[in-house]
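Engineer: Can you look at this prediction? I've put the sequence above it.
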Amino acid sequence: MTRHFLRLTDLSPVEARQIVLRASALKNLRDPSFRPFTGKTLAMIFTKSSTRTRVSFEAGMAKFGGHALFLTTATTQLGRDEPISDTARVLSRMCDAIMIRNDSQAQQQELAAHSRVPVVNGLSELHHPCQMLADLQCWFEHRGDPAGKVATWIGDGNNVCHSWIEAASMFGFTLRIAAPKGYEPDAELVRSGGKQVQMVSSPADAARGADLLVTDTWTSMGQEAETQRRLAAFAGFQVDEALMALAKPDAIFMHCLPAHRGEEVSAAIIDGPQSVVWDEAENRLWAQMALLEFLIA
């Protein structure tokens with residue numbers, strides 16, 4: 001049966017853990033002779049801009065001896081309203097996997113429904129599971145197993161936050177979320193997290209005693225018209241020195257990037273000793289290599 005990865009819970013907790021640990025093993029191995037994807041091709045569909053997602057998937061396929069195709073709506077029939085189902089049928093007869101980065105989880109599900117090969121969510125408006133695998137890998141590498149620990153999400157209850165919610169239940173840690181009113185994560189998803197997910201009104205209360213603080217930009221792609229309104233709504237939700245000081249002394253800071261210093265995070269934190277964002281960013285490469293190995297092999 002073809003396996004797809006459209007959200008973190010498409011994996012079992014055991015599978016997710018195996019992929020995260022495999023990612024670190026590949027990172028430590030760095031063996032240029034290990035090329036299991038020789039002759040294999042990944043089709044990458046982008047309707048949204050990207051740095052880390054494109055480079056990590058493309059570089060990962062190259063390291064594994066395979067090839068990645070960069071496809072956009074401007075240069076394919078998708079831009080001329082070809083049905084996504086037709087695209088799936090064609091690409092899955094030519095390629096070994098498909099990665100899609102767009103703003104429609106529903107469209108990704110339709111693509112997967114008509115594909116013979118694995119479909120991977122490189123980002124949608126609801127989930128960012130590949131980022132979550134890299135974040136979990138980073139947490140394991142810096143502080144060990146996250147089970148029983150506390151992560152704090154500060155800011156917009158967006159797609160990355162949704163993937164953190166799913167991770168909390170799967171990996172057994174507590175996730176505290178502090179978001180401005182009107183910018184909370186999906187309520188049903190929060191409820192599905194049970195006792196592992198806690199909505200907290202104050203960023204300070206959410207950060208107190210936490211093992212990890214994580215945030216994201218206040219204005220994501222496609223929301224630029226809302227920038228001024230969001231800046232006002234998120235005042236007081238910056239991860240700065242005062243907020244970080246409330247967490248445990250050895251707490252680490254994560255951010256999926258791109259970051260806006262002086263908005264969601266201060267320069268002193270993201271560029272400081274508790275920040276692991278550059279390891280986190282690099283891990284997009286290794287986590288996605290481990291994911292593709294699992295799905296294709």
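Structural biologist: Looks like it arrived, so ask away. Note that the structure is a prediction, hence the values are computed from the model and not measured.
Engineer: care to break the protein down by domain?
Structural biologist: Annotated domains of the chain cover 4-128+284-296, 130-280 [the TED database].
Engineer: Run a quick check on Val277 versus Leu257, I expect a contact.
Structural biologist: Yes. At 6.4 Å, Val277 counts as touching Leu257 under the criterion of CB atoms under 8 Å. The C-beta positions use only the backbone N, C-alpha and C, and glycine is treated the same way.
Engineer: The two: which has the busier surroundings?
Structural biologist: Between Val277 and Leu257, counting by other CB atoms under 10 Å, Val277 is the more crowded of the two (20 against 16).
Engineer: if I look at the spatially closest residue to Thr152 that is not a sequence neighbour, how far off is Leu8?
Structural biologist: Once flanking residues are discounted, Thr152 sits nearest to Ala210: 4.2 Å by CB to CB, 6 or more residues apart in numbering. Separation of Ala210 from Leu8 (CB to CB, to the nearest Å): 21 Å.
Engineer: go on, Gln105?
Structural biologist: Gln105 sits 13 Å away from Leu8 when distances are taken as CB to CB.
Engineer: Give the residues shared as contacts by those two.
Structural biologist: Counting by CB atoms under 8 Å, 6 or more residues apart in numbering, the residues touching both Gln105 and Leu8 are His127.
Engineer: Who has more neighbours out of these two?
Structural biologist: When Gln105 and Leu8 are compared for neighbours, Leu8 comes out ahead with 26 against 17, by other CB under 10 Å.
Engineer: That one and Leu123: what is the separation?
Structural biologist: Computed as CB to CB, the Leu8 to Leu123 distance reads 13 Å.
Engineer: do the same with Arg22
Structural biologist: Taking CB to CB, one finds Arg22 at 22 Å from Leu123.
Engineer: which residues of this structure score low on pLDDT?
Structural biologist: Scanning the chain for pLDDT under 70 picks out 79, 221.
Engineer: the strands in it, which residues?
Structural biologist: In the chain, the strands defined using DSSP state E lie at 41-46, 67-72, 97-101, 119-123, 150-154, 174-178, 197-199, 212-215, 252-255.
Engineer: now these in a markdown table, with distance to Arg52 and mean neighbour count?
Structural biologist: Putting the strands of the chain into a markdown table (distance: least, CB to CB, whole Å; neighbours: other CB atoms under 10 Å) gives the following:
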| stretch | distance to Arg52 | mean neighbour count |
| --- | --- | --- |
| strand 41-46 | 12 | 22 |
| strand 67-72 | 14 | 17 |
| strand 97-101 | 11 | 27 |
| strand 119-123 | 10 | 26 |
| strand 150-154 | 19 | 26 |
| strand 174-178 | 23 | 23 |
| strand 197-199 | 26 | 18 |
| strand 212-215 | 16 | 26 |
| strand 252-255 | 12 | 25 |
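Engineer: export the ones you listed to a markdown table and tack on distance to Ala268?
Structural biologist: Listed next are those as a markdown table, based on distance: least, CB to CB, whole Å:
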| stretch | distance to Ala268 |
| --- | --- |
| strand 41-46 | 34 |
| strand 67-72 | 37 |
| strand 97-101 | 32 |
| strand 119-123 | 29 |
| strand 150-154 | 16 |
| strand 174-178 | 20 |
| strand 197-199 | 27 |
| strand 212-215 | 13 |
| strand 252-255 | 11 |
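Engineer: what about stretch 101-115, how long is it end to end?
Structural biologist: For stretch 101-115, the first-to-last residue distance is 16 Å (CA to CA, to the nearest Å).
Engineer: List the contacts of that stretch.
Structural biologist: Contacts for stretch 101-115 (CB under 8 Å, 6+ apart): 2, 4, 6-7, 44-48, 50, 53, 84-85, 87-89, 91-92, 98, 100, 119, 121-127, 222.
Engineer: Check the gap between the closest residue to Arg261 other than its chain neighbours and Gly155 for me.
Structural biologist: Leaving aside its sequence neighbours, Arg261 sits nearest to Ala267 (CB to CB, 6+ apart; 4.3 Å). Ala267 is 17 Å from Gly155, where distance means CB to CB.
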